[in-house]
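Novice: Sequence first, predicted model second:
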Amino acid sequence: MPGMTDAAPDYATLRRIGWPWEGPAEDPEWQALAAAHPGSRPARVIEQHRTGYVLAEAPEVGFRAESPPEWMRRPVFRPDGVPAHERAAVGDWVLHDGRRILALLPRRTAIKRAAAGEHYQQQVIAANVDTAFVVCGLDLDFNPRRIERYLLLVGGGGVQPVVVLTKADLDGANAEAARSALASVAALGVAVGALVARDPRAAGGLAPWLAPGRTGVLVGSSGAGKSTPTNTLPGQARMKPGQVRARAARGRHTTTYRALLALPSGACLIDTPGMRELKPTGEEELADGGFADIEALAARCRFNDCAHRSEPGCAVRAAVEAGTLDASRLANYLKLREEVAGAAHRLASRLAQKADARGPARKGPPRPPGRSRRRWAGWRPALRSASVDLPPPRPVRLSRAGPAAAPRRARRCPWPGSSRACRGPRSAPGPRARCG
Ligand SMILES: Nc1nc2c(ncn2[C@@H]2O[C@H](COP(=O)(O)OP(=O)(O)OP(=O)(O)O)[C@@H](O)[C@H]2O)c(=O)[nH]1
Ligand SMILES: [Mg+2]
Ligand SMILES: [Zn+2]
């Protein structure tokens with residue numbers, strides 16, 4: 001906060017908004033940044049507006065902070081520019097001097113999408129989150145293909161997805177039919193639950209994933225019922241009027257910016273505005289994004305480059321014919337695979353341009369930007385609320401492990417020499433090799 005930069009950070013209080021350690025940062029990259037900014041303090045981004053950020057060092061005590069000058073320029077993939085995804089987003093930890101943000105601390109997870117527009121950009125939807133609640137109404141909003149798209153972006157960011165079907169109370173809502181439409185996703189270990197978001201007990205249904213120190217994010221289309229449970233969370237005051245904008249025509253409130261709420265449980269929950277476009281960034285792995293079963297089948301096709309359309313010996317089409325794979329899910333997989341490949345191509349050419357513009361002074365090829373990490377991915381929540389209709393949490397990985405998973409074919413890494421874990425080219429299933 002302004003004028004408070006000389007006191008040491010209060011880590012016990014920071015922990016209530018998700019600080020990952022008992023005391024000072026234990027991550028060497030965080031330590032190095034702190035050393036580079038003597039006198040700076042860590043804070044979490046709790047609100048992200050078009051005009052700037054609100055940071056917090058404690059629950060419910062936010063303060064506005066200016067962005068670094070280089071973030072005020074148009075985001076570009078140029079040596080002198082900072083692309084959008086390398087700027088802070090809600091959920092990020094930053095270093096500040098009480099007035100201005102000095103540095104963005106490395107993320108452990110990030111849910112990203114490709115930003116709309118002519119030039120390739122990535123937009124961070126939420127950073128440092130453990131669980132993403134993919135909220136979908138059991139009304140006209142219900143669309144398994146759209147949920148699969150969300151799972152690709154969520155799983156691709158190293159975040160555990162949970163599908164939350166709302167409006168189970170509406171006439172015509174058929175939770176059972178919805179569950180069976182999502183059976184393949186549930187079989188990969190994704191919890192799928194239905195609830196009435198308006199029911200005060202609904203928020204309890206999310207509690208198993210909101211243990212102390214954890215951060216969840218609500219994503220889904222506008223009107224799906226993302227904000228409604230945040231108003232009924234135990235001990236949670238209703239959203240302040242300033243946080244929502246009345247949508248007079250339909251008489252409801254639309255969230256207009258991303259905001260992090262510190263819950264009395266010690267967890268954090270990020271509410272986001274509804275998203276219309278969900279384009280992959282090109283960094284996603286389809287196997288981690290809810291298609292591990294199809295990727296495993298694809299490894300058994302006769303041809304390495306099988307397009308799963310009309311080739312002989314295609315194990316994927318055989319599964320459709322045998323009735324074990326839904327044809328529309330396969331069509332969605334093929335569409336998303338093409339989008340991921342297209343985005344990966346655009347990303348690679350942006351990185352190459354950036355490296356060229358830097359000139360020969362820089363050693364080695366470019367690093368993939370802002371790659372999310374899974375450093376703390378092994379966590380499993382232990383709590384379970386009895387009053388709701390959500391199954392218990394399951395492990396993070398969406399891939400089907402064990403003998404069912406076919407061996408992946410090795411391919412060359414597009415970013416050799418990178419110190420980050422490389423996930424291989426995105427256009428087809430590949431190994432999670434470490435570059436070197
Ligand atoms: N009947 C019923 N209505 C619900 C339920 N959940 C949400 N609603 C209603 O749906 C409308 C939209 O809910 P919100 O929670 O504001 O939706 P949102 O996903 O936050 O929407 P955006 O902020 O625009 O992205 C409100 O009028 C809610 O009262 C539910 O489970 N059952
Ligand atoms: Mg909302
Ligand atoms: Zn095939």
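Specialist: Structure's in. What do you need? Ligands and ions are numbered 1, 2, ... in the order given.
Novice: Confidence-wise, which helix or strand of this structure is lowest on average?
Specialist: Lowest on mean pLDDT, DSSP states H and E among the helices and strands of the chain sits strand 244-247, with a mean of 36.
Novice: Can you pull the domain assignment for this protein?
Specialist: The chain breaks down by automatic domain parsing into domains covering 11-106, 127-271.
Novice: Any idea which of those domains gets closest to residue 321?
Specialist: Closest to residue 321 of those, according to C-beta to C-beta: domain 127-271, at 16.3 Å. All C-beta spots, glycine's among them, are computed from the backbone N, C-alpha and C.
Novice: how far does that closest one stretch from start to finish?
Specialist: Domain 127-271 has an end-to-end distance of 12 Å (C-alpha to C-alpha, to the nearest Å).
Novice: before we move on, what about stretch 266-279?
Specialist: 33 Å.
Novice: Enumerate every residue touching residue 136.
Specialist: Residue 136 is in contact with 142-143, 146-147, 163-166, 220-221, 224, counting by C-beta atoms under 8 Å, 6 or more residues apart in numbering.
Novice: how about CSV for these, with neighbour count, distance to ligand 2 and pLDDT added?
Specialist: Below are the contacts of residue 136 laid out as CSV (neighbours: other C-beta atoms under 10 Å; distance: C-beta to the ion, whole Å; pLDDT from 0 to 100):
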residue, neighbour count, distance to ligand 2, pLDDT
142, 21, 18, 94
143, 13, 19, 95
146, 16, 17, 96
147, 25, 18, 96
163, 26, 18, 97
164, 28, 13, 95
165, 28, 17, 95
166, 29, 12, 93
220, 24, 9, 95
221, 18, 10, 94
224, 24, 8, 92
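Novice: now the residues you listed as a markdown table including secondary structure?
Specialist: Supplementary listing: the contacts of residue 136 in a markdown table, determined by DSSP: H, G, I helix; E, B strand; the rest coil:
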| residue | secondary structure |
| --- | --- |
| 142 | coil |
| 143 | coil |
| 146 | helix |
| 147 | helix |
| 163 | strand |
| 164 | strand |
| 165 | strand |
| 166 | strand |
| 220 | strand |
| 221 | coil |
| 224 | coil |
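Novice: Who does the closest residue to residue 64 other than its chain neighbours form a beta bridge with?
Specialist: Excluding the flanking residues, the one nearest residue 64 by C-beta to C-beta, 6 or more residues apart in numbering is residue 54, at 5.7 Å. Beta bridges link residue 54 to residue 47, residue 64, judged by DSSP bridges.
Novice: is it true that residue 54 touches residue 63?
Specialist: Yes. The pair residue 54 and residue 63 qualifies as a contact (C-beta atoms under 8 Å) at a distance of 6.8 Å.
Novice: Closest one of the contacts of residue 136 to residue 265?
Specialist: Of all those, residue 164 has the smallest distance to residue 265: 17.4 Å, by C-beta to C-beta.
Novice: ok, now which ones touch the residue nearest to residue 329 when sequence neighbours are not counted?
Specialist: Sequence neighbours aside, residue 184 is the residue nearest to residue 329 in space, at 6.1 Å (criterion: C-beta to C-beta, 6+ apart). Residue 184 makes contacts with 293, 325-326, 329, as judged by C-beta under 8 Å, 6+ apart.
Novice: Count the neighbours of the residue nearest to residue 64 for me.
Specialist: 19 (other C-beta atoms under 10 Å).
Novice: Mind pulling the model confidence for it?
Specialist: Per-residue confidence (pLDDT) for residue 54: 95.
Novice: Let me see the mean pLDDT of the strand or helix carrying residue 178.
Specialist: For residue 178, the element it lies in under DSSP states H and E is helix 175-181. Mean per-residue pLDDT for helix 175-181: 94.
Novice: in it, what counts as buried?
Specialist: Within helix 175-181, the residues that count as buried by 16 or more other C-beta atoms under 10 Å are 175, 178-179, 181.
Novice: likewise stretch 87-98?
Specialist: Going by neighbour count (16+ other C-beta under 10 Å), the buried part of stretch 87-98 is 87-96, 98.
Novice: State the pLDDT value of residue 70.
Specialist: Predicted confidence (pLDDT) for residue 70: 86.
Novice: my read is it is in a strand, agree?
Specialist: No. Assessed with three-state DSSP, residue 70 is helix; it does not lie in a strand.
Novice: The helix holding residue 178 and ligand 1, any residue contact?
Specialist: No. Counting by C-beta under 6 Å from any ligand atom, ligand 1 has no neighbours in helix 175-181; the shortest distance is 11.1 Å.
Novice: cool, and stretch 214-226?
Specialist: Yes. Stretch 214-226 is in contact with ligand 1 by C-beta under 6 Å from any ligand atom, via 220, 222-226.
Novice: Point out where the stretch 101-250 of the chain drops to low pLDDT.
Specialist: 233-250 (pLDDT under 70).
Novice: Now with 90, please.
Specialist: For the stretch 101-250 of the chain, the stretches flagged by pLDDT under 90 are 115-120, 140-141, 156-158, 171-173, 195-207, 228-250.
Novice: The closest residue to ligand 2 within it: neighbour count?
Specialist: Nearest residue of the stretch 101-250 of the chain to ligand 2: residue 227, at 3.2 Å (C-beta to the ion). Residue 227 has 23 neighbouring residues, counting by other C-beta under 10 Å.
Novice: do residue 171 as well
Specialist: With other C-beta under 10 Å as criterion, residue 171 counts 5.
Novice: Can you pull the phi/psi pair for it?
Specialist: Per-residue torsions, residue 171: phi -60, psi 130 (degrees, to the nearest 10).
Novice: Please, which helix or strand holds the closest residue to residue 270 other than its chain neighbours?
Specialist: Of all residues not flanking residue 270 in the chain, residue 217 sits nearest, at 4.1 Å (C-beta to C-beta, 6+ apart). Following DSSP H and E, one finds residue 217 within strand 215-220.
Novice: Mind exporting the C-alpha coordinates of that strand to PDB?
Specialist: Written as PDB, here are the backbone C-alpha positions of strand 215-220 (Å, rounded to 0.1, in the frame of the first residue of the first chain):
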ATOM      1  CA  THR A 215      -7.500 -20.600  -6.000                       C
ATOM      2  CA  GLY A 216     -10.500 -21.400  -8.200                       C
ATOM      3  CA  VAL A 217     -11.800 -19.500 -11.200                       C
ATOM      4  CA  LEU A 218     -15.300 -19.500 -12.600                       C
ATOM      5  CA  VAL A 219     -15.400 -19.500 -16.400                       C
ATOM      6  CA  GLY A 220     -18.300 -19.900 -18.800                       C
END
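Novice: re earlier: C-terminal to the least confident helix or strand of the chain, what's the next element?
Specialist: Heading C-terminal from strand 244-247 (DSSP H and E), you reach strand 252-255.
Novice: next helix or strand past that next one?
Specialist: Using DSSP H and E, the helix or strand that follows strand 252-255 towards the C-terminus is strand 258-262.
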